[in-house]
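Engineer: What shape does this take:
(one chain, ligands or ions: 1)
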Amino acid sequence: MKKTLFGAAALATALLAAACGSGSTDTTDTTTSADVVVVSDAWVKASDTGMTGAFARIENAGDSEVHVVGASSPASATTELHEMVSAEGTSMVMQEMGDGLVIPADTTHSLVPGGDHLMLMDLTEPLRPGSEVSFTLEFADGSTEEFTAQVRDFAGAQEEYVPSDDGAAHGG
Ligand SMILES: [Cu+2]
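Structural biologist: Next comes the predicted model:
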């Protein structure tokens, strides 16, 4: 179920667009982050319960930086922006981004397994391959961008490396 807030924001955006008329290149400074961000290739790692990661390409097609400050999804109680950092020793661990994600002008930032990602912290229902999950990105200027991610099976993205046993036990 969508939150009313998102509906209201979408309506406000629609009204704003209507009020601005047909001129898409007018020079008034009303361009929001949502206007210039394009999200593509979005997907979520299938999971029955608990936490899972979401990934996408986030393109900032604008001429100034975009600051992603939050994310939400009806699929989880909480959605966080995560980054990977070096822990003591050799392993990488994930943590919440301290101040969101800044995407410079005319740059695409990829959220990928093992790198920056969105974390669904507490799934409200199982995410099965083939289904879809909607997300909303929130920007520092208050605008929001909705996108849909496909749920996929994905065996990687375990953040620890486990050596394979290839070469041992081929039998026969
Ligand atoms: Cu994470």
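
Engineer: low pLDDT regions in this structure?
Structural biologist: 1-29, 90, 156-172 (pLDDT under 70).

Engineer: May I ask which helix or strand encompasses the spatially closest residue to residue 37 that is not a sequence neighbour?
Structural biologist: Spatial nearest neighbour of residue 37, chain neighbours left out: residue 145 (5.1 Å); criterion: Cβ to Cβ, 6 or more residues apart in numbering. Backbone N, C-alpha and C define where each C-beta goes, glycine included. Using DSSP states H and E, residue 145 sits in strand 144-152.

Engineer: What is that strand packed up against?
Structural biologist: In terms of contacts (3 or more Cβ pairs under 8 Å, 6 or more residues apart in numbering; DSSP states H and E), strand 144-152 is packed against helix 4-19, helix 33-36, strand 37-45, strand 52-60, strand 132-139.

Engineer: Quickly note the distance from the residue nearest to residue 37 to the ion.
Structural biologist: 20 Å (Cβ to the ion, to the nearest Å).

Engineer: from what I can see that residue touches residue 134, true?
Structural biologist: No. Using Cβ atoms under 8 Å as the test, residue 145 is too far from residue 134 to be in contact (11.3 Å).

Engineer: out of those two, which sits in the more crowded spot?
Structural biologist: residue 145 (22 against 15; other Cβ atoms under 10 Å).

Engineer: wait, what's in contact with the residue nearest to residue 37?
Structural biologist: 33, 34, 37, 39, 136, 137, 139 (Cβ atoms under 8 Å, 6 or more residues apart in numbering).

Engineer: Roughly how far does it sit from residue 87?
Structural biologist: 32 Å (Cβ to Cβ, to the nearest Å).
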